[in-house]
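Chemist: turn this into a model:
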Amino acid sequence: FPTKCDVSDQKQMEKLGKFAVDKMGTIEHWINNAGVNGGRRALMDVPMSQVELVVKVNLLGVLLGTKVAMDIMKDQVSSFSRHWEVLIFDSGR
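Modeler: As a prediction, the model looks like this:
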């Protein structure tokens, strides 16, 4: 079920969670896998706008994704499993 969203935007992440539940029924595994970087260069050479983008996507995006997933999972009753996982991968290369 392809879709896209800005992982640093809370409303879009909540919409993604609803999309996932609508398409899958229940969520037992959630993978946070989005990332950006400022390139391999000295920090003093990285514009502050790039630093802000990295923090928004790589930190805030993970926190928002994890919260959305946990909010969905805590309210689910699944006959298949009571074990849910949130996985976090760093893909900011």
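
Chemist: all strands for this protein, in order.
Modeler: 29-32, 85-88 (DSSP state E).

Chemist: and the ones you listed, which is most packed in?
Modeler: Comparing these by mean neighbour count (mean count of other Cβ atoms under 10 Å), strand 29-32 ranks first with a mean of 17. Quick note: C-beta positions are derived from backbone N, CA and C, even for glycine.

Chemist: hmm, who's touching that one?
Modeler: If you take Cβ atoms under 8 Å, 6 or more residues apart in numbering as the criterion, strand 29-32 is touched by 7, 20, 61-62, 65-66, 68-69, 72-73, 84-89.

Chemist: how far is that strand from where the chain is centred?
Modeler: 8 Å (Cα atoms, centre = their mean, to the nearest Å).

Chemist: quick one: residue 68 and residue 18 touch, right?
Modeler: No: using Cβ atoms under 8 Å, residue 68 is not in contact with residue 18; the gap is 9.1 Å.

Chemist: neighbour count for these two, which is higher?
Modeler: Neighbours were counted for residue 68 and for residue 18 using other Cβ atoms under 10 Å; residue 68 has more, 24 against 12.

Chemist: which residue packs closest to that one, ignoring adjacent ones?
Modeler: residue 17 (4.1 Å; Cβ to Cβ, 6 or more residues apart in numbering).

Chemist: and of the contacts of strand 29-32, the nearest to residue 33?
Modeler: residue 89 (4.4 Å; Cβ to Cβ).

Chemist: residues near that closest one, how many?
Modeler: 11.

Chemist: next, the contact list for it, please.
Modeler: Contacts of residue 89 (Cβ under 8 Å, 6+ apart): 31-33, 35.

Chemist: switch to 6 Å and redo it
Modeler: By Cβ atoms under 6 Å, 6 or more residues apart in numbering, the contact set of residue 89 is residue 33.
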